[in-house]
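**Student:** Okay, predicted coordinates and the sequence, questions at the end:
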Amino acid sequence: MKIQPLADRIVVRPAEAEEKTKGGIILPDTVKEKPVWGEVIAAGPGKVSENGTKIAMDVKVGDKVLYGKYSGTEITVDGQEVLIMRESDIFAIIPR
């Protein structure tokens, strides 16, 4: 992927929406729930504080993260739908 986010922004590949319920009912596209977790595929270098020091990022490429339902901006890069958001939009890193 050819995108390098700036400052404290990250690029996340959202998880796939569920195709069917636990009971086996196949869901149409109109009722599929938007996923709230995904994988970090690019991360910026970190935010610069007002006194000029760089604040390191807590997330890194490859982390699985939990984010808000309406967080980020949807973009298409190399034909792939991804989200770009600030690190502060991330609620948690999901352990492997």
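**Tutor:** Happy to help now that I have it.

**Student:** Just the local confidence number for the closest residue to Lys34 other than its chain neighbours, please.
**Tutor:** Distances taken as C-beta to C-beta, 6 or more residues apart in numbering put Lys69 closest to Lys34, at 6.2 Å, once the chain neighbours are dropped. (Each C-beta comes from the backbone N, C-alpha and C, glycine too.) pLDDT recorded at Lys69 is 86.

**Student:** Give the helix, strand or coil label for Lys69.
**Tutor:** Secondary structure assignment for Lys69 (DSSP: H, G, I helix; E, B strand; the rest coil): coil.

**Student:** what sits against Val82?
**Tutor:** Met1, Val11, Val12, Arg13, Pro14, Ile41, Glu74, Ile75, Thr76 (C-beta atoms under 8 Å, 6 or more residues apart in numbering).

**Student:** what about the residue nearest to Lys34, how many neighbours?
**Tutor:** Using other C-beta atoms under 10 Å, Lys69 is surrounded by 8 other residues.

**Student:** any idea how far it lies from Val11?
**Tutor:** Look at Lys69 and Val11: by C-beta to C-beta, to the nearest Å, they are 18 Å apart.

**Student:** quick one on the thing from earlier: hang on, the residue nearest to Lys34 packs against Pro14?
**Tutor:** No - in this structure Lys69 lies outside contact range of Pro14 using C-beta atoms under 8 Å: 11.0 Å.

**Student:** Count the residues that sit near Leu6.
**Tutor:** Using other C-beta under 10 Å, Leu6 has 9 other residues around it.
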